[in-house]
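# test case, fold it:
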Amino acid sequence: MTFDGRTYRVVVDGQDVTERVAAIDVHTDAHDLPRVVLHLRPTGIWPAELDLLARVQVGVSPEPGPSAAAFLEALDPLEVERAALARVDLENVPGGGTAAVLRQLTEWARGA
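Okay, here's the model as predicted:
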């Protein structure tokens, strides 16, 4: 995509698709790669090369460390302990308590 202050141009795989694009949305936040969505103009016949959905990511994923640290700092240690000790998969073996805590944190991080 290029923009000169007045007009824009969109090229996909060397093909200018500017006339087929109705709008462009750019989404980004501090902990993820930017995402660009091209909204195509409605036509009676879709060109075969645009008749699909695609997700393209450019760049390197950010390091998870800062996000993980913020997640862990927000937790109540007593709630983590209670949840881990209440798990049905808690094992009375060396490392079993730590494994239960890690499984619990993983579930919470995934929103479960």
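# neighbours around Glu81, how many?
Counted with other CB atoms under 10 Å, residues neighbouring Glu81 total 14. Glycine gets a C-beta too; all of them are placed from N, C-alpha and C.
# who touches it in this structure?
The neighbourhood of Glu81, defined by CB atoms under 8 Å, 6 or more residues apart in numbering, consists of Val101.
# break this protein into its domains for me.
If you go by automatic domain parsing, the domain ranges for the chain are 2-50, 65-109.
# adding mean pLDDT, write the ones you listed out as a markdown table.
As requested, the domains of the chain are exported to a markdown table (pLDDT from 0 to 100):
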| stretch | mean pLDDT |
| --- | --- |
| domain 2-50 | 77 |
| domain 65-109 | 92 |
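# pick the most deeply packed of those.
domain 65-109 (a mean of 12; mean count of other CB atoms under 10 Å).
# how far away is the residue nearest to the spatial centre of the chain from Val12?
In the chain, the centroid-proximal residue (CA atoms, centre = their mean) is Asp32; its distance is 5.9 Å. Shown here: Asp32 relative to Val12, a distance of 22 Å by CB to CB, to the nearest Å.
# the helix ranked longest in the chain packs against which elements?
Taking DSSP state H as the criterion, the chain has its longest helix at helix 96-109. Here helix 96-109 touches helix 65-73, helix 77-85, going by 3 or more CB pairs under 8 Å, 6 or more residues apart in numbering; DSSP states H and E.
# could you dump it to PDB, C-alpha only?
What follows is helix 96-109, C-alpha atoms only, in PDB (Å, rounded to 0.1, in the frame of the first residue of the first chain):
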ATOM      1  CA  GLY A  96       2.800 -32.100  41.000                       C
ATOM      2  CA  GLY A  97       1.800 -28.900  42.800                       C
ATOM      3  CA  THR A  98       3.900 -26.800  40.400                       C
ATOM      4  CA  ALA A  99       2.500 -28.600  37.400                       C
ATOM      5  CA  ALA A 100      -1.100 -27.900  38.700                       C
ATOM      6  CA  VAL A 101      -0.300 -24.200  39.100                       C
ATOM      7  CA  LEU A 102       1.200 -24.000  35.600                       C
ATOM      8  CA  ARG A 103      -1.800 -25.800  34.100                       C
ATOM      9  CA  GLN A 104      -4.100 -23.400  35.900                       C
ATOM     10  CA  LEU A 105      -2.200 -20.300  34.800                       C
ATOM     11  CA  THR A 106      -2.200 -21.700  31.200                       C
ATOM     12  CA  GLU A 107      -6.000 -22.100  31.300                       C
ATOM     13  CA  TRP A 108      -6.500 -18.600  32.700                       C
ATOM     14  CA  ALA A 109      -4.200 -17.100  30.100                       C
END
